[in-house]
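**Student:** below are the sequence and a predicted model; questions follow.
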Amino acid sequence: MWASKATAPGPSGQEQSILMGSATPQGDYKYTEEGPYYVIEARYPAGRPAVEAALAASIAQFKEDGNFANLTAEDIQIQGLGPDRKYAYDAEYKTYNAPGYTSYFYTIYQDTLGAHPNGFFLTFVFDKEGNKVSLAQLFPNNPNWLEELSLVVSNEVVAQMKQRTGLDDITGSVFAEGLATKEENFQTFVIDGDMLVVEIPPYQVAAYAMGSFEVRTPLKGLQ
């Protein structure tokens, strides 16, 4: 009995925490970090080390790109850095549930004091055993899934652009390479109920002013 009590594990997921965030009332965790010239906030679900590791790598890249440890007095003065003007990193997520899957969709904003903040997406899909699922693993019985998905997404993006612009001819406005039959073009995805949801960040298929795109299609239709 004594041995059993002495070796009992601590709270699930937090002992092996990578980011060492603080528990929130919502049941997840929040990581915060602030330096003289930057501030970082990131939320993440409990018990998902793959999510934490990806966020930790993203945060490390943000700090490396900012070169905060090596800023000169001239750099600080030119950029006007101080308590009221800092680089910022913010990561928020939404959870999607589906039979056999749990997905997390991250919107990450980086304010590098440019004309506008930079935004990009990260997604994570896990099966019921907790294994991370890739896009290709959803279609083991359809060798043409990538071509079909590319066509579905392309048609929907074009339709959304026409609606947003009010133009029937958007020739030259769509970046064809961002919709080509390459898995990396559609790797930002989640499963919401019976729908496959592809999230396309700004700049991938059109100018920044066009914003992001979301395309929903029945998962069974591609399987």
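**Tutor:** That came in fine, so what should we check first? Numbers count the residues shown, from 1 in each chain.
**Student:** alpha carbons only for contacts and neighbour counts from here, please
**Tutor:** Noted.
**Student:** can you tell me the average pLDDT over the longest helix along the chain?
**Tutor:** Assignment by DSSP state H gives helix 145-165 as the longest helix of the chain. Averaging pLDDT along helix 145-165 yields 94.
**Student:** check stretch 79-97 too.
**Tutor:** Computed over stretch 79-97, the mean pLDDT rounds to 95.
**Student:** where does the prediction get shaky in the chain?
**Tutor:** Along the chain, the parts satisfying pLDDT under 70 run over 1-16, 115-116.
**Student:** only C-alpha atoms, please: export the longest helix of the chain in CSV.
**Tutor:** Provided in CSV are the C-alpha atoms of helix 145-165 (Å, rounded to 0.1, in the frame of the first residue of the first chain):
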residue,chain,number,x,y,z
TRP,A,145,-7.6,12.0,-53.1
LEU,A,146,-5.0,14.8,-53.6
GLU,A,147,-6.2,15.6,-57.1
GLU,A,148,-9.8,15.6,-55.9
LEU,A,149,-9.1,17.7,-52.8
SER,A,150,-7.2,20.2,-54.9
LEU,A,151,-10.1,20.6,-57.3
VAL,A,152,-12.6,21.0,-54.5
VAL,A,153,-10.6,23.6,-52.7
SER,A,154,-9.7,25.5,-55.9
ASN,A,155,-13.3,25.8,-56.9
GLU,A,156,-14.4,26.9,-53.5
VAL,A,157,-11.6,29.5,-53.2
VAL,A,158,-12.5,31.0,-56.6
ALA,A,159,-16.2,31.2,-55.6
GLN,A,160,-15.3,32.9,-52.3
MET,A,161,-13.0,35.4,-54.1
LYS,A,162,-15.7,36.3,-56.6
GLN,A,163,-18.2,36.8,-53.7
ARG,A,164,-15.7,39.0,-51.8
THR,A,165,-14.7,41.1,-54.7
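**Student:** which strands and helices lie in contact with it?
**Tutor:** strand 213-218, helix 219-222 (3 or more C-alpha pairs under 8 Å, 6 or more residues apart in numbering; DSSP states H and E).
**Student:** between that helix and strand 213-218, how many degrees?
**Tutor:** 130 degrees (axes from the mean of the first three to the mean of the last three C-alpha atoms, to 10 degrees).
**Student:** number the chain from 47, please
**Tutor:** That works, and once the first residue is 47, the last one we named lands at helix 191-211.
**Student:** got the buried residues for helix 191-211?
**Tutor:** 191, 192, 195, 196, 198, 199, 200, 202, 203, 204, 206, 207 (16 or more other C-alpha atoms under 10 Å).
**Student:** turn these into a markdown table, columns for distance to residue 111.
**Tutor:** Shown next, in a markdown table, are the buried residues of helix 191-211 (distance: C-alpha to C-alpha, whole Å):
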| residue | distance to residue 111 |
| --- | --- |
| 191 | 37 |
| 192 | 34 |
| 195 | 34 |
| 196 | 33 |
| 198 | 36 |
| 199 | 32 |
| 200 | 33 |
| 202 | 35 |
| 203 | 32 |
| 204 | 34 |
| 206 | 34 |
| 207 | 33 |
